[in-house]
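A.B. asks: Give the three-dimensional model of this entry:
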Amino acid sequence: MMTHLNACPTCYSDWLALPPPPHRPVSPWMRFISAIDKATMACSAFIKAHKIRPFSGLVQAAAACFILVAGSVYIYYQFIQMPDMAEQISKSYQTPFVQEMRFNPADTNKIFILPWNKPVQSYGFGSSNRYAPPYRAFGAGLWAGKQELSAEKMPAHKPDFLSPRWQNATIKTEEWSGTPCAIYFSMGRWCFLLRSVCFSRSEVPPAFWKQQKSLLEQIQNDFGKSAEEIGADARIVTDRLRNVKSVLEDTEWRTPGKRQRIKIARELGTLMNRLSPRRVPQ
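C.D. replies: Model (predicted):
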C-alpha cells in the first residue's frame, strides 16, 4: 500500500485528506499492568536464556523483587517525580532573563497582537471563528501569556469569550485548568512564551532550551490524548509540534541560532493561528 501511495499522486492526496484515527487513551492502571507484564516477560526470558530451574525458590524471589522494583520505579516517575506542567510553564515565565527580555520595535506587533485582534482576510472558504472549548482554551492561554510578559504589568480584563463559562452551561468553573481542555490552555501559554523568546534579543541560557524540550514532550503526550476533539486540525498541530521538537533536538548541545529561532517562531505562529479563535464574537 505504501509503495502504491508513493507512486500515485491521486491516492496520496486522498490519503492526506483522511481524518486521524480515533485516539483511545490508556489509563494509568493499564500502563502499570503493561509495565508488570514486560517485567515478567523479561524475567522469563532471563530464566530460559540461562537455563535456570523454574521452581528454584531463589529465582522466584529474585523475579518477585524485580517486578516490585520495576513497578515502584514506574509509579514514582509517572505520578510522583514529574512536576505539574502548568507549574513548569509558570517557572519558565519567571526565569530572570524572560522577565527582562527586550524586542526589536518591528517585532513587537508580531508578538503581542493576538490572532483575534489581527485584520482578518476572509476568502469564503469556511468559518474562522473557532469558538469550541479547545480553541477558546488555547486562546485564553495566549492571552494569559501576553499578560505575564506585558511591559505594563497591569491586570487586564480577560475577554468574555475566552472564559470556560461563555455560552456553555456545562462548564461551571472560571479557570481552564480544571476542565478537559486544560492541555490546550497550557499549550497556548507555552507557545506564546517560546515564540516570544525566539523573537527576543536576549541571550537564552542552554538550560532553558533543555527545559522547553522536556515541556514539549509532555505537551505532545497530553495533546495526543485529546487530539480528536479538534478533528482535522489535530494533524496540523501535531506536525508543528514535531517540527519544533526536531529543531530543539538538532541544537541539543548548543543554543539555537537566529535561523533556528526563526524556524521555531514560524512553526509556532502557524500553530497559534490555526488553534486560536480569529475573531471577537459580535
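A.B. asks: any idea how far the most centrally placed residue in the chain lies from F185?
C.D. replies: Note on the chain: the residue nearest the mean C-alpha position is I219, at 2.4 Å, using C-alpha atoms, centre = their mean. To F185, I219 is 11 Å away according to C-beta to C-beta, to the nearest Å. Where C-beta positions appear, they are placed from N, C-alpha and C, glycine not excepted.
A.B. asks: what do you get for K258?
C.D. replies: Taking C-beta to C-beta, one finds K258 at 30 Å from F185.
A.B. asks: of those two, who's got more company?
C.D. replies: Per other C-beta atoms under 10 Å, whichever of K258 and F185 has more neighbours is F185, with 27 against 8.
A.B. asks: for the more buried one, what are its contacts?
C.D. replies: Residues counted as contacts of F185 (C-beta atoms under 8 Å, 6 or more residues apart in numbering) are 137-138, 140-141, 144, 176-177.
A.B. asks: Give me the helix or strand of this structure that scores worst on average pLDDT.
C.D. replies: Lowest on mean pLDDT, DSSP states H and E among the helices and strands of the chain sits helix 57-75, with a mean of 61.
A.B. asks: related to what we said a few turns ago, now the residue nearest to the centre of the chain. Nearest residue, chain neighbours left out?
C.D. replies: M187 (5.4 Å; C-beta to C-beta, 6 or more residues apart in numbering).
A.B. asks: and if you look at K213?
C.D. replies: L248 (4.5 Å).
A.B. asks: Show the model's pLDDT score for the one you found.
C.D. replies: In this model, L248 is scored at 89, pLDDT.
A.B. asks: hmm, back to that, just the buried residues of the contacts of F185.
C.D. replies: With burial judged by 16 or more other C-beta atoms under 10 Å, the buried subset of the contacts of F185 is 137-138, 140-141, 144, 176.
A.B. asks: out of those, which one sits closest to T95?
C.D. replies: Nearest to T95, judged by C-beta to C-beta, of those is A144 at 16.6 Å.
A.B. asks: what about the residue nearest to I219, distance to K110?
C.D. replies: Taking C-beta to C-beta, one finds M187 at 19 Å from K110.
A.B. asks: what about these two, which has more around it?
C.D. replies: Remark: of M187 and K110, M187 carries more neighbours, 29 against 14, as counted by other C-beta under 10 Å.
A.B. asks: pLDDT (mean, whole number) over the helix or strand harbouring that one?
C.D. replies: Using DSSP states H and E, M187 falls within helix 182-199. What helix 182-199 shows for mean pLDDT is 95.
A.B. asks: OK, contacts around P134?
C.D. replies: Here P134 is in contact with 181, 184, 226, 229-230, 275 (C-beta under 8 Å, 6+ apart).
A.B. asks: Quick check: the gap between P119 and Y184.
C.D. replies: In terms of C-beta to C-beta, P119 sits 25 Å off from Y184.
A.B. asks: the more surrounded of these two?
C.D. replies: Y184 (28 against 5).
A.B. asks: P164 is in contact with the more buried one, correct?
C.D. replies: No - judged on C-beta atoms under 8 Å, Y184 makes no contact with P164 at a distance of 11.1 Å.
A.B. asks: intersection of neighbour lists for those two?
C.D. replies: 133, 137, 176.
A.B. asks: Name the nearest of those residues relative to C198.
C.D. replies: Once C-beta to C-beta is applied, the member of the shared contacts of Y184 and P164 that ends up nearest C198 is A137, at 23.0 Å.
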